[in-house]
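1. Sequence first, predicted coordinates after that:
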Amino acid sequence: MQTKWLTKDELAAWVRLYTVIELLPNVLDSQLRRDADLTSFEYYVLAMLSEAPDRTLRMAALAAQTSATLPRLSHVVKRLEARGLMERFPCPEDGRATNARITDGGWRKIQETAPGHVANVRRHVIDALTTEQLGQLRGIADALLGRLDPEAAMAPLYRRHDVAD
């Protein structure tokens with residue numbers, strides 16, 4: 001099979017996307033570390049729990065929602081537990097499963113941290129784009145997700161904020 005090389009326009013688009021993928025996580029992580037002493041992933045774990053019914057999810061569901069392996073998630077949860085931001089306990093419906101729940105301290109941390117995080121997202125992404133470009137970004141992301149997540153396993157995560165047309 002012969003390689004189909006990128007055209008100059010394709011390469012220019014790809015390099016820009018790659019650069020955004022490289023720069024954006026650090027921009028988000030730096031603000032969260034500075035203002036809340038949380039990594040982006042720790043914030044994301046707490047945010048997923050804060051949006052869940054009773055602020056509780058099974059560890060397996062939390063791993064799926066955060067695209068984490070159970071070992072990686074367990075390591076992060078252990079750190080958050082040590083800080084009093086979340087807790088684990090046996091699932092009452094299935095004794096083999098473990099639930100994770102955000103604590104009152106974790107809930108306060110999310111409430112205190114969210115405004116700065118949203119302002120950072122707005123500053124570096126949302127406000128850089130016009131309304132039309134935001135729609136295009138969503139369309140582009142959907143096209144890429146169609147290739148990256150063909151079974152739509154992550155769809156509940158990225159479609160949960162969709163507004164009905």
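-> Good, I have the coordinates.

2. same for whichever strand or helix holds Ile140, what does it pack against?
-> Using DSSP states H and E, the element containing Ile140 is helix 131-148. Counting by 3 or more CB pairs under 8 Å, 6 or more residues apart in numbering; DSSP states H and E, the packing neighbours recorded for helix 131-148 are helix 155-159. Just so you know, the C-beta spots here come from the backbone N, C-alpha and C atoms, and that holds for glycine as well.

3. For the helix or strand hosting Val118, list every residue counted as buried.
-> Per DSSP H and E: Val118 is located in helix 104-124. Residues of helix 104-124 classed as buried by neighbour count (16 or more other CB atoms under 10 Å): Gly106, Trp107, Lys109, Ile110, Thr113, His117, Asn120.

4. One more: stretch 43-51?
-> Tyr43, Tyr44, Val45, Leu46, Ala47, Met48, Leu49.

5. Over to stretch 53-72?
-> Arg55, Thr56, Leu57, Arg58, Met59, Leu62, Ala63, Ala64, Gln65, Thr66, Ala68.

6. How about Val125, nearest residue that isn't a chain neighbour?
-> Leu24 (7.4 Å; CB to CB, 6 or more residues apart in numbering).

7. likewise Leu137?
-> Leu129 (6.4 Å).
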